[in-house]
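A.B. asks: Dropping a prediction and its sequence here:
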Amino acid sequence: MSVESTIRQISGAVLPQAVRFGLRRVLFSGDRKRCPLCGSAVRTFIAHGGSAPVLERRQVVGGMIRLDDACPACHGGDRARLKMLYLEQVLLTDGRRQRILHVAPEFGLYQRLKRETNIDYVATDLDQTRYRHIPELVTADLTDLPFETASFDVVICSHVLEHVPDDRKAMSEICRVLAPAGTALLMVPLATDGLGTDEDLTVTSPRERDDRYGQYDHLRLYGREDFAARLESVGFEVSYFNGFDQFPALADQLWLNPRENLIVARPRASVG
Ligand SMILES: [Zn+2]
């Protein structure tokens, strides 16, 4: 058992996330790498990803194991760094104050966004107990958000929709709470083998879900084209952002996954 998993097991049950973060920050401290999300100086990054065979078999981008990927302090990996790059280089560049809704907030990206002074930040999740370290967190169901229509400029929602039974309703809610010129930054594990989405809501066994979808609590495995089609069906215009296309030096420096795109979805009426 690795040092990391031992620490996680022992501390997870009793210590608040902020304390666990501080502990890991000390235990992994070093001068070989600095996490751009939480700012920790650490001696190594750690592997991140799932080991279910289906992830390799269906070439699931955003699911397969990547070595040297995640910060051992905040656990932020390439997906959080990709969203950080897009926020820093594209969305938050004009100095305008922006309202951000962060769904199931990743701790590293939360740490990074806390350093921004020009945003109004709201976090939300169904399970408040997982996010006790985020005082602003609003407990809510993604398919029935307690926010006004058009009340956010940015919604960040990563690796959530594959857990939601009525994902189209959740997509529709994200679209509703976005301002007409707003942007949703979305990510899910995406099968890239061209065989489409595998989904059967009658499958409830964690083992079968792991076999078919790559994780015990996933309700489907999206095919890349179908995920975009579902977003379009609720009123989004979909485009893809790959850090290596527009910011190759930064993407390289941030150790992004060249195969992974950020899915950028905008309410269709706003796309001229
Ligand atoms: Zn970090």
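C.D. replies: All right, it came through fine.

A.B. asks: how long is stretch 215-233 end to end?
C.D. replies: End-to-end distance of stretch 215-233 (CA to CA, to the nearest Å): 26 Å.

A.B. asks: And stretch 78-97, by the same measure?
C.D. replies: From start residue to end residue, stretch 78-97 stretches across 26 Å - CA to CA.

A.B. asks: Buried residues of it, list them for me.
C.D. replies: By neighbour count on 16 or more other CB atoms under 10 Å, the buried set for stretch 78-97 is 78-87, 91-92. Placement of C-beta: from N, CA and C, glycine included.

A.B. asks: for the protein, which spans come out with low pLDDT?
C.D. replies: Across the chain, the ranges flagged by pLDDT under 70 are 1-14, 270-272.

A.B. asks: one more time with 50, if that's ok
C.D. replies: 271-272 (pLDDT under 50).

A.B. asks: now the helices: where do they sit in it?
C.D. replies: For the chain, the helices defined by DSSP state H occupy 3-12, 17-27, 53-57, 78-86, 107-114, 167-177, 206-213, 224-233, 243-246, 248-253.

A.B. asks: Show me what the last one is in contact with.
C.D. replies: Read that as helix 248-253. 85, 89, 242-244, 258 (CB atoms under 8 Å, 6 or more residues apart in numbering).

A.B. asks: Taking the centroid of the chain, which residue is nearest it?
C.D. replies: For the chain, the residue nearest the mean C-alpha position is Ser158 (2.7 Å; CA atoms, centre = their mean).

A.B. asks: Touching, that residue and Met187? I think so.
C.D. replies: Yes. Between Ser158 and Met187 there is a contact under CB atoms under 8 Å: 4.2 Å.

A.B. asks: Quick check: neighbours of the lengthiest strand in the chain in the sheet, parallel or antiparallel?
C.D. replies: Longest strand of the chain, by residue count under DSSP state E: strand 178-187. Strand 178-187 has the following sheet partners, assigned by DSSP bridges: strand 152-158 (parallel), strand 262-267 (antiparallel).

A.B. asks: Off-centre distance for it?
C.D. replies: 14 Å (CA atoms, centre = their mean, to the nearest Å).

A.B. asks: From Gly108, how far out is Ile119?
C.D. replies: 16 Å (CB to CB, to the nearest Å).

A.B. asks: Give me the more crowded residue out of those two.
C.D. replies: Gly108 (27 against 18; other CB atoms under 10 Å).

A.B. asks: so who does that one touch?
C.D. replies: 35, 37-38, 71, 74-76, 80.

A.B. asks: one more time with 10 Å
C.D. replies: 21, 35-40, 70-71, 73-77, 79-81, 83-84 (CB atoms under 10 Å, 6 or more residues apart in numbering).

A.B. asks: next one: Gln17
C.D. replies: Gln17 touches 11, 74, 107, 130-134, counting by CB under 10 Å, 6+ apart.

A.B. asks: same deal with Arg79?
C.D. replies: 48, 62, 66, 69-70, 106, 108-109, 158-159, 187, 256-257, 260, 262.

A.B. asks: Tell me, how many residues neighbour the spatially closest residue to Gln111 that is not a sequence neighbour?
C.D. replies: Counting by CB to CB, 6 or more residues apart in numbering, Gln111 lies nearest to Cys38, which is 4.2 Å off, once chain neighbours are set aside. For Cys38, the neighbour count with other CB under 10 Å is 24.

A.B. asks: Residue numbers of the stretch 51-200 of the chain in contact with the ion?
C.D. replies: Near the ion, the residues belonging to the stretch 51-200 of the chain are 71, 73-74, 76, 108 when assessed by CB under 5 Å from the ion.

A.B. asks: Of the residues you listed, which is the most crowded?
C.D. replies: Neighbour max across these (other CB under 10 Å) = Cys71, 29 neighbours.
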